[in-house]
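Asker: sharing a model prediction with you, sequence too.
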Amino acid sequence: MARLPTETEAAVYRLWTVHGGATRPCSLGRRPPLRAALVALICDTGPLYAAMDQADSDHVRCAQLLADAVDALVVPAPVLVELDWLAGNRLGPVAMGALLLDIEEGALRVVDLVAEDYSRVRELCAQYADLPLGLVDAAVVALTERLAETTLATLDHRHFSIVRPCHTPSLTLLPE
């Protein structure tokens with residue numbers, strides 16, 4: 001039977017705020033609720049993982065990006081699955097448990113795909129088959145389109161600088 005992380009262990013992975021090189025959990029519940037007229041920072045896997053992993057070369061800038069976000073942090077549901085695989089294999093179960101607690105407490109909003117999103121994912125995967133663009137990245141683009149968001153938190157500038165969403169000429173990719 002797997003043991004649950006202690007409060008201290010969980011706090012180690014809750015790294016959304018950076019102070020002078022040290023990390024600590026942010027105050028949760030400060031993000032606006034998810035609603036139809038949402039202003040959001042859509043999050044791809046990379047920045048979320050980097051913020052969790054202190055050894056990652058992008059840790060500080062990603063943790064700072066997430067901590068400084070004034071918009072709701074929105075995670076497409078397929079990103080959560082990819083993040084679970086990465087964090088589980090590289091950081092262990094405590095990291096994902098801490099992320100799930102952040103979701104429970106409202107620091108992150110997970111948004112499920114709807115039928116129209118899956119149609120768009122299929123179109124994007126076919127259109128960008130030469131990249132190749134996979135399910136998770138296509139789902140991120142489909143969600144930015146549905147929510148009419150033009151900014152994306154990602155470390156995958158290669159794919160997302162090539163893909164052209166239908167609602168804007170290009171996405172603004174953060175961190176720069």
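Answerer: Cool, the structure landed.

Asker: need the distance between the two termini of stretch 166-175.
Answerer: Distance between the boundary residues of stretch 166-175 (C-alpha to C-alpha, to the nearest Å) amounts to 22 Å.

Asker: neighbours of His157, how many?
Answerer: The burial metric for His157, expressed as a neighbour count using other C-beta atoms under 10 Å, is 14. The way it works is simple: take the backbone N, C-alpha and C, and place the C-beta from them, glycine included.

Asker: that one and Leu173 touch, don't they?
Answerer: Yes. Using C-beta atoms under 8 Å as the test, His157 is close enough to Leu173 to be in contact (5.4 Å).

Asker: closest to the centroid, which residue in this protein?
Answerer: Residue closest to the mean C-alpha point of the chain, counted by C-alpha atoms, centre = their mean, is Cys43 at 2.9 Å.

Asker: what are the phi and psi values at that one?
Answerer: Main-chain dihedrals, Cys43, degrees, to the nearest 10: phi -110, psi 120.

Asker: now do it against Ala126, distance only.
Answerer: Relative to Ala126, Cys43 is positioned 25 Å away (criterion: C-beta to C-beta, to the nearest Å).

Asker: ok, now Glu116?
Answerer: As for Glu116, its distance to Ala126 is 16 Å (criterion: C-beta to C-beta).

Asker: the residue nearest to the centre of the chain: what's it in contact with?
Answerer: Each residue near Cys43 by C-beta atoms under 8 Å, 6 or more residues apart in numbering is listed here: Leu66, Leu73, Val74, Val75, Val79, Leu108, Leu152, Ala153, Thr154.

Asker: and the strands in this protein?
Answerer: Using DSSP state E, the strands of the chain run over residues 17-19, 22-24, 40-43, 72-76, 109-111, 151-153, 172-174.

Asker: need those in TSV with mean pLDDT and distance to Val136, can you?
Answerer: Written out in TSV, the entries for those read as follows (pLDDT from 0 to 100; distance: least, C-beta to C-beta, whole Å):
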stretch	mean pLDDT	distance to Val136
strand 17-19	32	26
strand 22-24	32	26
strand 40-43	96	12
strand 72-76	97	8
strand 109-111	98	13
strand 151-153	98	13
strand 172-174	98	16
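
Asker: let me have these in TSV, extended by distance to Asp137.
Answerer: Compiled in TSV, the strands of the chain are given as follows (distance: least, C-beta to C-beta, whole Å):
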stretch	distance to Asp137
strand 17-19	27
strand 22-24	27
strand 40-43	12
strand 72-76	10
strand 109-111	16
strand 151-153	10
strand 172-174	12
